[in-house]
Structure formats: structure tokens, C-alpha cells
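Enquirer: Got a predicted structure here, sequence first:
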Amino acid sequence: MSKSATLSKSSTLPDVTVLPQTPQLIALFTMIRDVKTQRGDFVFYSNRIIRMMVEEGLNHLPVKELEVSTPTDLAYKGLQFEGKICGVSIMRAGEAMEQGLRDCCRSVRIGKILIQRDEETADAKLFYEKLPADIKDRYVLLLDPMLATGGSAIMAVEVLLSKGVPANRILFLNLISSPEGIETFCKSCPGVKIITGFIDEGLNEKRFVVPGLGDFGDRYYCL
Amino acid sequence: MSGESEASASSSSLSATRSYLPPWSRPHIIGIGGSSGSGKTSVASQIIKALNVPWTVILAFDNFYRPLNPAQRQKAFANEYDFDAPEALDLDILVSVLSDLRQGKKVEIPTYSFSEHNRTNITTTIYGANVIILEGIFALFDPRIVEMLDLKVFVDTDLDVCMARRLRRDIVYRGRDLQGAMKQWFSFVKPNFERYVLPTMAAADIVVPRGLDNTVAIDMLIRHVQRTLTVKSRLHVEHLCQLNDEIKEEAVSDIDQWDNVTVLKQSPQVEAMHTIIFNRATSRDNFVFYFDRLVVLLIESAMDTLPYVTKEVATATGGEYIGLSPTMDVCAVEVLRAGACFETSLRKTLPDIAIGKILIQSNSRTGEPFLHYLKLPPQILDKYILLCDAQATTGAAAIMSIRVLLDHGVAEENICFVTYLADKKRSIKRLLTAYPMVKIVAGKIEDSFKRRFVDTRYFGT
């Protein structure tokens, strides 16, 4: 036991929450990072992490007090969910996180945003969006598993802001992020909360998160 | 040496650790002897029927015949082998089986085939018996056995009646001919009875003349056993309560902060889910949904209690990552019925997990918990066990289940008791008093719920 497991880098930014680095979470990350893990296992283990991310993300939503009577005839002072929510996935990889969201919020509405990198300029470009009509009245869980440069996430937030969603009602959920991506995102989108599973070492020359796990969408849908 | 024991004593936070003794750690053992054909088996069955308590076992001497060598086997087929002498029986095995049963251990009983005159390779497992009836002509013969019997009964039936019954059984059920059966009776059974069996009557507490026909004697016998069991049952309930009293309240006020106790972080979402689950007005549909959702968090949290080692993997970007990997396989055991509320979420989180089941029900009159049913996955020994129960109120079912797992060779530190709602003053305290190495993962610690309601709401019955 000379080497110990690598845990997420920490972040001092106020809007960033990193999932508690429990042994179980690290073991799940080890499974999905391993290049030898096949798609069936990759889907299964990433779904488990996503489920924990969603649970953590939902904790940032408001609740109000509620008193109920128990089946054993006691009064119990508890809490109640408050406010409408919706999910918005950045296609295609973000759609992989929808199941985890639905597992926690059964009939949640889900909007879609398609952003692709422009082949010539290498900049993010918005191709398509379909969002709930009343999105400005909802808390939005923005879903994208990997935060590399932050380009598409920032563009997606701009789309949401343009629809009238206040920044402090947007929660951005991602599995693995780069320190650069986190920094750029927080600078460009003040007030938006980020919930991430793991902050990695950095970006490589191809602008992939390292050590990362490769292309999440490819591994989840195709490879 | 003394330094070592001091160190181990102080490593446990409980100064006075007491182990839990389940009812099967001291089963009530009744021996019934008497001539072949005297009606011992019928008397034993009658007692079991009348007692109507779970885990009552008849242990027949027939299973303990010595395997025969070819020459002996040939004699046996010619009805010339003496099966009715004490030497024909492997009394040493019987003594060790009985002594293991008396200590609550799991035992394997051999099976003897009369058609092949040999021990078969099939064994029967006996575990968790509350009452054991040892039945056979030599039940009161071996002093080592007699010493272990709580009640010694001799069935004294007229030898002519015994012979008639014996002949009928040999011919109808054991495929012998009349001549052979008669030969056996006169050359072996009767002389051996007079020589070895009849004198054992002196060791008996009760002699039952005329066997099953003697209803007065049988009733007395049954009433006696019932009285003894009532006392035993009261002592068991008291013993469970004592596990609690031994430890002072102040010593465990922070029991939920102990290293081996994990309570789910009471985040706004978890708190809101509790409120839905606790609310009498919640629809069953919502109850099941939110309970399943919360249990996924519980199971993920329980998985954190496993032992892990570092594991280095290569990632698709060409990088390297040092992560973790659990060192043990996991296996679940549900304490029925409430433990089965975890099954959906267990299957969702760990799809191929092996699941064992233990049914423990408390007697509604005495409050004594009883082990009714037990089915554990094979190779449970090397596994890390998630022992699941939706609610732990008194802790009795959990304590008993852990005893069952330990009796099956599971190590105490490899058991994680996972429960949604645990009562701190009673269940957690008792559980850790009995088993300080067990890990506990709870969704919430709450002492105000005095009874179970989760399984009733979850299953709707």
C-alpha cells in the first residue's frame, strides 16, 4: 500500500460542490475510467454515479417545513419539496444522465440543447434547442457528464438565461470536470451552481480531461 | 499476555460486552427409548404436533448405523447381521452431533440406506432447533447421551405388540419376507432388548406404558415440555432485554457517532423523503417510490463500509488513474418480511447480488422472536454481508439474524446491518452490546416509533 487512491482536487469557488469522495464513489469512478471496462458495465456504473450526483444536486433545491401524522399516530415535523423543476440535457452525452434524474423525479420534464464544436473555428455552436415553455418559472438541472473547456456548458447557460431563467436557479451537474473548465465556467456564469463528481488533473492538447475516461458519449452509446 | 488482553478490552468501546445466546444455543433435548415397535416414533410425532413450535427436530438413531463392510453386508441381506446390538451404531458420531446441537452449532446428519445397508453420501442439515427429540432403542443407553438429555422417556409396550408392529413394518415398508423378519426378531431384536434396552428403563424420568394408547401419560408429558418451554421463552425475552440494561444510557448517548455506525446525511432531500414516508396520508404509490429511492442511498452508503484496496487503471485518454476496488464480494441477507422492502433497490444497485432470506417472527403472546425459515447463499463465508431490515425497533430480529450468520461461519466484522429506521436506545444499543464489531448503516435514528409500519405500507398488507 505505497500509493493511495487519487481523490478529486478541491475547489474554493463558492458555487462548486464536489461529491463526498467515499471509497464506494472512487471504486465506481475506477470502473468507468478503466479503458478495459465494456459498455454494459460502463453504462451501469456511470448510472450509479449519476444517481448519486442527482441526489446531491436536488439538495440545492428549496424545501419548506411540513408537519405530518405518522402511521403510528405521532406528529412529525419534516420537510417538503418546493418549486417546480426541469432537466435540460446537452446532447448527446447529457442524455445519458436523464435516467438518473427520472429515477429520482418520476415525471420530470426534460429539455434538450444540441451544441457542437464548429469544425472550422473550433468554437461551440448552438444547433438546436427544445425547452419547456414555462422554463423561467422552474429550477433547471443542466446535464452534461464531462466539463472540459466549458465552452458548451457556458453556451447552454446563455440559452437558459436568454429564456429568463435566473442564474441562481440553474444547477449544472457533471461527472468529471477539469480545473480549467470549472474556473472558466464560474467566471462566465456567476451564480450558477456546479455539482461535480470529480475534479481531474487538467486538459490534454486535444482538450480532453485527463486522466478522464475518454469520450463519455462514445463509451455510453457506441463503443 | 495480560497486556494483550487489556489492549483488546480497551479497543472495544463497551466495557461489558455480552454475547447473545439464541434459543437454539440451549435446545430442549428429549430422549425416547424403548423396544423396537414400541411406538417411540408415534410418541415423538405426537409431542411435536402438540407443541407446535418452530424448529422442532426428530433425530432418529436409524441414521447412525455404522457402514457395513462387504462381508457384513452379505450377512445383513441374509438377515444374519445384528442391527440391534449397540455396536451396530456409531454412537461416537451421535454424541458429537448431539453435543454440537446443544451448543447451537449447525450439524450434518448422515443418512443410512436400509436397501443398500450402507451410509449414503446425502446428509441432512439441522440448525436452529428449539426442541430436539432423540428417538431410538438406545436413546437411554450411552451415559454420554443420557447426560445431555433434558427429559428421558421410556416407552414400555408389551413385547408381543412390539413384535406384531415390527413384523408388519419390515414386510410392508422394508421389503423383507416373513421368515427373515421372524428370524431377526428371535435371534437379535428380542435378546438384545432384554440384554441392553430393558435395563435403560431405570434411567428414565417417565415410563409410558402402552405407548401412544396411553393418552393420560402423553398429555402429562406434553404439558411438562410446554411448561419448560414457557420458562425458556421467558428467559430468552429477559435475556434480550438484559443486553440493554447492562450498558448505562450515558455510555451510549453518542452511539450514532461511533466508527461502525453510519447514519445517512440528513440532507434536505433525505429529510423530505422521510416526511413522505412517515406521512400517513402518502399514497402507496408514492410511498414505494420514495422508499425505493432512499434505499438506493442506503445501499450505496453501506457499500462504503467494505474493505477496499488501491487499483491502478489506464484510461482511454492514455492517462493513468489510481482508484479503489473492493476486496470482497457482497451478498445480501434479508430479514423477512420487512427486509424484502430492500429488494427492488438492491437489484437496481447490485443486479447480480445473491440474496439470502431469514424469516423471524415474534410470538404475539410472549414477544419472543422465533427463527422460522432460513435460506442462505452458498459460500457465504467469504462474503461481505449486507443484512437488510427495513426497521429495527427492539433489535431482536437483527440480533438473532446476526447469530445465524455467525453460526454459518461469517465473520462478525464482515456483517453490515442496513436498516432504514433504527431505534437508538433499544435496537442499536442491544445490537452493538451483543456484537461490537458489526457495522450499522441507518437511514435515520428515531426512538419515537415503537412499532413497525414500513413493511405494512410497502406491501399494502
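Expert: Alright, I've got the coordinates. Only a predicted model underlies this, so the values are computations on that prediction, with no experimental measurement involved.
Enquirer: Could you grab the helix/strand/coil label for the closest residue in space to B:R452 that isn't next to it in sequence?
Expert: Spatial nearest neighbour of B:R452, excluding adjacent residues (C-beta to C-beta, 6 or more residues apart in numbering or on different chains): B:Q391 at 5.0 Å. (C-beta placed from N, C-alpha, C; glycine too.) For B:Q391, the secondary structure call by DSSP: H, G, I helix; E, B strand; the rest coil comes out as strand.
Enquirer: do you know how far B:Q391 is from B:N260?
Expert: 20 Å (C-beta to C-beta, to the nearest Å).
Enquirer: Would it be right to say that B:R451 lies in a helix?
Expert: No - counting by three-state DSSP, B:R451 is not found in a helix; it is coil.
Enquirer: what's it in contact with, if anything?
Expert: Applying C-beta atoms under 8 Å, 6 or more residues apart in numbering or on different chains to B:R451 gives the contacts A:72, B:393.
Enquirer: Sketch out the helices for chain A, chain order is fine.
Expert: Using DSSP state H, the helices of chain A run over A:23-33, A:39-58, A:98-104, A:151-162, A:179-188, A:216-217.
Enquirer: Residue 166 - how many residues pack around it?
Expert: No chain in the question, so chain A it is. Neighbourhood size, A:P166 [other C-beta atoms under 10 Å in any protein chain shown]: 13.
Enquirer: Not quite, go with chain B.
Expert: Other residues near B:R166 come to 21 when the count uses other C-beta under 10 Å.
Enquirer: before we move on, what about A:P190?
Expert: With other C-beta under 10 Å as criterion, A:P190 counts 11.
Enquirer: could you check the angle helix A:151-162 makes with the helix or strand bottoming out on mean pLDDT in chain A?
Expert: Scoring the helices and strands of chain A by mean pLDDT, DSSP states H and E places strand A:124-130 at the bottom, with a mean of 87. Using axes from the mean of the first three to the mean of the last three C-alpha atoms, to 10 degrees, the inter-axis angle of strand A:124-130 relative to helix A:151-162 is 50 degrees.
Enquirer: Check which helices and strands strand A:124-130 is in contact with.
Expert: strand A:110-117, helix A:151-162 (3 or more C-beta pairs under 8 Å, 6 or more residues apart in numbering or on different chains; DSSP states H and E).
Enquirer: okay, those in a markdown table with mean neighbour count and mean pLDDT next?
Expert: A markdown table is the format used below for these (neighbours: other C-beta atoms under 10 Å in any protein chain shown; pLDDT from 0 to 100):
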| stretch | mean neighbour count | mean pLDDT |
| --- | --- | --- |
| strand A:110-117 | 18 | 89 |
| helix A:151-162 | 20 | 94 |
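Enquirer: Which one of these lies nearest to B:K424?
Expert: strand A:110-117 (41.0 Å; C-beta to C-beta).
Enquirer: so what strands line up beside that closest one?
Expert: strand A:85-91 (parallel), strand A:124-130 (antiparallel) (DSSP bridges).
Enquirer: Dead centre of the chain: give me the residue that sits there.
Expert: Looking at chain A here, since you left the chain open. Nearest residue to the geometric centre of chain A (C-alpha atoms, centre = their mean): A:L173, 1.6 Å.
Enquirer: you looked at the wrong chain, it should be chain B
Expert: B:G128 (2.5 Å).
Enquirer: Look at it and give its secondary structure.
Expert: coil.
Enquirer: Please name the nearest non-neighbouring residue to residue 204.
Expert: This is for chain A. A:V210 (4.9 Å).
Enquirer: I was after chain B.
Expert: B:F154 (3.8 Å).
Enquirer: State the pLDDT value of the residue of the stretch 351-461 of chain B found nearest chain A.
Expert: Nearest residue of the stretch 351-461 of chain B to chain A: B:F453, at 4.2 Å (C-beta to the nearest C-beta). pLDDT recorded at B:F453 is 87.
Enquirer: give the contact list for the residue nearest to it when sequence neighbours are not counted.
Expert: Spatially, and ignoring its direct neighbours in sequence, B:F453 is nearest to A:P71 (4.2 Å; C-beta to C-beta, 6+ apart). For A:P71, the contact set (C-beta under 8 Å, 6+ apart) comprises B:278, B:280, B:453, B:456-457.
Enquirer: Dihedrals phi and psi, B:V335?
Expert: Backbone dihedrals for B:V335, given as degrees, to the nearest 10, come out at phi -90, psi 110.
Enquirer: can you pull up the bridge partners for it?
Expert: B:I358.
Enquirer: how close does it get to A:T22?
Expert: The value you get for B:V335 to A:T22, if C-beta to C-beta is used, is 26 Å.
Enquirer: So for the two, which residue has more residues nearby?
Expert: Counted by other C-beta under 10 Å, B:V335 and A:T22 do not tie: B:V335 has more neighbours, with 27 against 18.
Enquirer: more neighbours, B:Q391 and B:N260?
Expert: B:Q391 (25 against 18).
Enquirer: before we move on, back to that, quick check on the residue nearest to B:F453: phi, psi?
Expert: Dihedral angles for A:P71 - degrees, to the nearest 10 - are phi -60, psi -20.
Enquirer: Next one, pLDDT for it please.
Expert: 87.
Enquirer: What's the mean pLDDT across the helix ranked longest in chain B?
Expert: If each helix of chain B is counted by residues according to DSSP H, the longest one is helix B:215-245. The pLDDT scores in helix B:215-245 average 84.
Enquirer: Over to stretch B:304-313?
Expert: 94.
Enquirer: the bottom helix or strand of chain B by mean pLDDT?
Expert: Scoring the helices and strands of chain B by mean pLDDT, DSSP H and E places helix B:2-11 at the bottom, with a mean of 36.
Enquirer: Alpha carbons of the following helix or strand past that helix, as CSV, please.
Expert: For helix B:2-11, the following helix or strand on the C-terminal side (DSSP states H and E) is strand B:28-34. C-alpha atoms of strand B:28-34 as CSV (Å, rounded to 0.1, in the frame of the first residue of the first chain):
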residue,chain,number,x,y,z
HIS,B,28,-34.5,-28.7,24.9
ILE,B,29,-33.5,-32.3,24.2
ILE,B,30,-35.9,-35.2,24.9
GLY,B,31,-34.7,-38.8,24.6
ILE,B,32,-37.3,-41.5,23.9
GLY,B,33,-36.2,-45.1,24.2
GLY,B,34,-38.0,-48.5,24.3
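Enquirer: residues making contact with the next helix or strand after strand B:28-34?
Expert: For strand B:28-34, the succeeding helix or strand toward the C-terminus, using DSSP H and E, is helix B:40-51. Outside of helix B:40-51, the residues within contact range by C-beta under 8 Å, 6+ apart are B:30, B:32-34, B:56, B:58, B:60, B:131, B:133, B:135-137, B:139, B:153, B:155, B:208, B:211-212, B:218, B:221-222, B:225-226, B:229.
Enquirer: And for stretch B:86-101?
Expert: B:27, B:29, B:59, B:61, B:64-66, B:81-82, B:106-107, B:109-110, B:126, B:129, B:132, B:134, B:138, B:141-142, B:144-145, B:148, B:196.
Enquirer: now swap in stretch B:65-79 and tell me
Expert: Stretch B:65-79 has contacts (C-beta under 8 Å, 6+ apart) with B:81, B:83, B:87-90, B:112, B:117-119, B:176, B:180-181, B:183-184.
Enquirer: quick one, what contacts the most far-flung residue of chain A relative to its centre?
Expert: The centre of chain A is farthest from one residue, A:D73, which by C-alpha atoms, centre = their mean lies 40.1 Å away. Counting by C-beta under 8 Å, 6+ apart, A:D73 makes contact with nothing.
Enquirer: give me the low-pLDDT residue ranges for the chain?
Expert: No chain was given, so I picked chain A. For chain A, the stretches with pLDDT under 70 are A:1-2, A:119, A:121-122.
Enquirer: Oops, wrong one, chain B.
Expert: Ranges of chain B meeting pLDDT under 70: B:1-18, B:244-252, B:364-367.
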